[in-house]
Structures are given as structure tokens and as C-alpha cells.
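S.K.: fold the following, please.
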Amino acid sequence: MAVTLLAILGLQVSGTQRAAAATTLEDGLYVVPVKIIKADSTATSTANQFFGNEAAVRVKDQQATVLLTSNGAQYIRSMTVAGQKATLVKTVNDQAIYQINLTKLTSPLAASFSLTTPLGKMQESARLALTWAKAEKDSTSTATADLLDQATALTAKSASSSSSAVSVPKTTTTTKSTTATSTTKSADTAKTAPTTQYWKYQVLKGDTMTTSDANQYYTHVAKVTPDGTGYRVTLTVSYAKSLKLGAKAVVPKTIDDVVVPASHVTYGQTSKAYTMTYWFTIQDTRELTAKLIPGRIHVTVPMMSISETFPIRFRFAASGSTSAATAAGVAALPKTTAKRTADRGSQPVTSAHRAAKKTLPATGEAVGAGLDWALLGLVGCGGLLAWGVKRHAQD
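M.R.: The predicted structure follows:
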């Protein structure tokens with residue numbers, strides 16, 4: 001997991017730093033091209049995808065206040081640029097706005113990131129490159145409120161052009177920075193409504209960090225749509241009719257320790273396959289990556305007299321995408337070598353979790369313990385159940 005997270009962020013160990021170039025600009029507000037590059041070369045870091053390609057900058061007496069937009073705030077505990085700790089000013093338009101203060105208009109600037117990972121805290125380095133020569137003057141104002149308005153406008157532009165969905169709160173919250181004043185204008189008028197996102201995922205076994213056999217029947221891309229004060233996450237299962245399992249061979253029972261009601265499940269079919277979709281709600285898209293999401297699914301295989309409930313877990317990609325095709329093209333999901341023990345019984349749902357997810361009545365369905373999805377190790381499309389054949393042969 002640690003190696004993959006570092007690969008996602010593209011933060012390299014710092015090497016020989018090139019001399020920073022200085023420039024001068026008249027007082028005012030500017031839009032400046034910005035890029036995250038590797039610590040030891042001018043190559044673009046893959047961390048660049050988590051930041052907007054323009055910064056809102058206020059220049060006054062050859063000192064600068066720089067506001068950066070980012071869609072990767074869920075990974076960044078803190079960020080330091082040129083020895084200055086970046087301040088999270090606010091989140092707006094599903095983008096986080098960070099502030100840094102510069103005593104000179106120089107570039108590139110050494111940057112360090114304090115990261116949060118499932119394996120603990122990590123510290124890595126990159127560089128922030130500001131193209132001062134291409135700075136476009138937006139206003140002669142140097143007011144903090146106008147600077148924040150300029151950054152808010154950039155978040156909308158960045159969100160519309162980004163290929164990755166952002167896991168930050170939908171609602172705008174404001175945190176005062178070291179330079180913010182009570183005269184800061186509201187950014188509510190610049191907010192954009194949240195849009196549909198698509199998240200790649202993988203289905204793991206309930207007791208080990210290995211792919212479940214069920215993974216081949218899920219479509220691997222979840223549709224995440226705004227739903228009231230949160231989001232609706234829709235999952236889809238599809239299997240060939242030639243397997244002769246019937247239209248309702250798979251029935252979802254729980255997701256994230258909450259019972260799935262029948263009203264959340266839809267069955268369908270194509271000329272060659274049966275399909276099943278079901279959905280659950282979350283308050284924030286960050287919940288998709290905060291942990292492995294447990295689920296239980298009841299499987300019926302008439303020919304083998306199998307009718308049992310099995311545990312699985314969902315591992316989502318680091319971020320979502322604006323289209324299903326883009327999400328499906330994600331090269332790899334976050335990895336981890338750590339094994340986790342499966343829940344051998346029903347887990348209690350906390351009061352906070354119940355409040356957020358509207359707990360539903362239990363169905364009384366018996367839950368099998370310690371069994372995995374090996375029973376769906378189907379051989380081709382002939383309908384043979386490898387696991388089931390072995391199991392019944394032993395009986």
C-alpha cells in the first residue's frame with residue numbers, strides 16, 4: 001500500500017536542487033501556471049494530477065500570497081513549500097484551496113508532503129514550479145477578499161477540466177488563513193452542484209487481502225450520484241444465462257454493516273446475461289477510500305443445493321472519474337500486503353453510523369462464517385461449479 005500510494009502521488013526523494021529563478025511583478029492579482037515536478041528532475045510528478053494547473057496569486061512589494069487548488073486533500077495531512085507550511089483555507093467546488101506565502105517570486109520551490117496512509121504517517125518531497133513569465137494580471141487589487149474570489153473561480157475551472165473526481169466535502173466550509181480577514185466574501189454564489197462520478201473498485205475475500213471469485217461477476221465501476229445531503233453508490237453484478245443459475249442467484253444482504261432493503265435492489269437481463277444492481281448511501285465520497293467496505297451476499301446454486309451467505313469486501317480506487325470509461329481505464333487500485341481478519345459475526349453499528357446511513361430492520365437471514373466466494377469459481381460457461389463439485393464429492 002505504501003509503495004502504491006507513493007507511486008500515485010509521484011513524490012520522489014529529493015536530490016540536487018536547481019537554482020531558483022527570481023522575477024519581479026507589479027502589485028496586483030495574477031493567474032500563474034503551476035506544476036508539481038519531481039524533486040530531482042524537471043519531469044512532471046504524477047502528483048500534478050491532484051492540483052489545478054493555475055494558481056491565484058497576490059503580489060505586493062515583490063512578495064506573493066499563492067492559493068493552490070487541489071483534489072487530493074484526503075491524502076495530505078500537511079504541505080510545506082519553500083519552508084512555509086501551507087494553510088488549508090477552504091473547500092469549494094469539490095476542491096481544496098491551500099495558501100502559501102513567498103518572500104520572493106522564485107521557482108521551482110522545494111515542497112514536502114506529510115501523508116496519511118493505512119501504514120502510518122509518511123514524509124516525501126517534490127517541487128512546486130510557478131511559471132512567473134506567463135503570469136496574467138487579473139486585477140490591480142491586493143485585497144484578500146478579491147484574492148479568495150479569484151481562487152474560487154479557479155476551483156470551478158479546475159473541477160470542470162479534471163479527469164478525477166475529488167473526495168472533499170460537497171458543502172463549502174471556510175477556515176481562516178493567516179492573511180484572511182472578516183471581510184472575506186462568501187463563495188456560495190460560485191459553488192457548483194455536485195455531479196455524477198464513477199469509481200473503479202475490486203471485490204476482495206472477506207478474510208484475506210486477495211481477490212474474491214465474485215470479482216469476475218461485478219462490473220468494477222460504481223456509479224456515484226448526488227442524493228440529498230450525500231451520495232448514492234450503485235454496484236452491478238452480471239453473469240451469463242448459460243450458467244443456468246437463474247435470475248436471482250445473487251442477493252445482496254448487507255453493505256458496510258447495514259442491511260440492503262429490497263427497494264434498493266433491481267434485477268434485469270440482456271439477451272445473454274442476468275444483471276443485478278443495488279445501491280447504498282454515503283455522506284462523503286471519502287468514505288469509499290477510508291477503509292475496505294464490507295458486504296454480504298446470498299448465493300443460490302440450485303444444481304448444487306447451495307444457498308448460503310458469504311462475506312466480501314470492496315476496495316475502491318484512490319479517486320473517481322467523470323466518466324465510466326475513464327474510471328475503467330484506471331491502471332491499478334491501491335494495494336496492500338497486510339492481511340486482515342474477517343468479521344466472524346455481525347458487527348455492531350455505531351450510533352454515528354446509524355444516523356448517517358438510516359439503519360434498516362434486520363431480515364433474520366443466517367450468515368455463513370468464514371466461507372468465501374470460491375463457490376463461484378465457474379468453469380467457462382458450462383455451469384460447473386468447481387468448488388461445489390469438490391465439496392459435494394467429499395460429502
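
S.K.: could you look up the SS state of Met209?
M.R.: Under DSSP: H, G, I helix; E, B strand; the rest coil, Met209 falls in the coil class.

S.K.: that one and Leu292, how far apart?
M.R.: Separation of Met209 from Leu292 (Cβ to Cβ, to the nearest Å) stands at 9 Å. Bear in mind the C-beta positions are built from the backbone N, C-alpha and C, glycine included.

S.K.: cool, and Ala332?
M.R.: Ala332 sits 16 Å away from Leu292, going by Cβ to Cβ.

S.K.: number of residues surrounding Lys134?
M.R.: When neighbours are defined as other Cβ atoms under 10 Å, Lys134 has 11 of them.

S.K.: surely it meets Pro33?
M.R.: Yes: counting by Cβ atoms under 8 Å, Lys134 touches Pro33, with 5.2 Å between them.

S.K.: isn't Ser323 right next to Trp199, touching?
M.R.: No: between Ser323 and Trp199 there is no contact under Cβ under 8 Å: 11.6 Å.

S.K.: ok, these two, which is more surrounded?
M.R.: Each of Ser323 and Trp199 has its neighbours counted (other Cβ under 10 Å); Trp199 has more, 25 against 13.

S.K.: any idea which helix or strand carries that one?
M.R.: Using DSSP states H and E, the element containing Trp199 is strand 197-205.

S.K.: check Pro294 too.
M.R.: Using DSSP H and E, Pro294 maps to strand 293-301.

S.K.: now Lys157
M.R.: Here Lys157 is assigned to helix 144-161, by DSSP H and E.

S.K.: ok, now which ones touch Leu105?
M.R.: Ala22, Thr23, Thr24, Leu25, Val59, Gln62, Ala64, Leu130, Trp132 (Cβ atoms under 8 Å, 6 or more residues apart in numbering).

S.K.: how near is Leu245 to Ala324?
M.R.: From Leu245 to Ala324 the distance is 26 Å (Cβ to Cβ).

S.K.: quick one, which of the two is more surrounded?
M.R.: Using other Cβ under 10 Å as the criterion, Leu245 and Ala324 rank with Leu245 on top: 21 against 16.

S.K.: pretty sure the more buried one sits against Tyr239.
M.R.: Yes: between Leu245 and Tyr239 there is a contact under Cβ under 8 Å: 6.5 Å.

S.K.: who touches both of these two?
M.R.: Tyr274.

S.K.: in stretch 204-212, what's buried?
M.R.: Of all the residues in stretch 204-212, those buried under the rule 16 or more other Cβ atoms under 10 Å are Leu204, Lys205, Gly206, Asp207, Met209, Ser212.

S.K.: now it: mean pLDDT?
M.R.: The pLDDT scores in stretch 204-212 average 91.

S.K.: again with stretch 308-321
M.R.: 92.

S.K.: buried stuff in that stretch?
M.R.: So for stretch 308-321, counting by 16+ other Cβ under 10 Å, buried means 309-321.

S.K.: using PDB, list the CA coordinates for that stretch.
M.R.: Extracted in PDB, the C-alpha atoms of stretch 308-321 (Å, rounded to 0.1, in the frame of the first residue of the first chain):
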ATOM      1  CA  GLU A 308     -25.600 -19.500   1.700                       C
ATOM      2  CA  THR A 309     -24.500 -16.000   2.600                       C
ATOM      3  CA  PHE A 310     -20.800 -15.100   2.100                       C
ATOM      4  CA  PRO A 311     -18.700 -12.100   3.200                       C
ATOM      5  CA  ILE A 312     -16.800 -10.000   0.700                       C
ATOM      6  CA  ARG A 313     -15.100  -6.600   0.800                       C
ATOM      7  CA  PHE A 314     -14.900  -3.700  -1.700                       C
ATOM      8  CA  ARG A 315     -11.600  -1.800  -2.300                       C
ATOM      9  CA  PHE A 316     -12.100   1.500  -4.200                       C
ATOM     10  CA  ALA A 317      -9.700   3.400  -6.300                       C
ATOM     11  CA  ALA A 318      -8.000   6.500  -4.900                       C
ATOM     12  CA  SER A 319     -10.400   8.800  -6.600                       C
ATOM     13  CA  GLY A 320     -13.300   8.800  -9.000                       C
ATOM     14  CA  SER A 321     -13.700   9.900 -12.600                       C
END
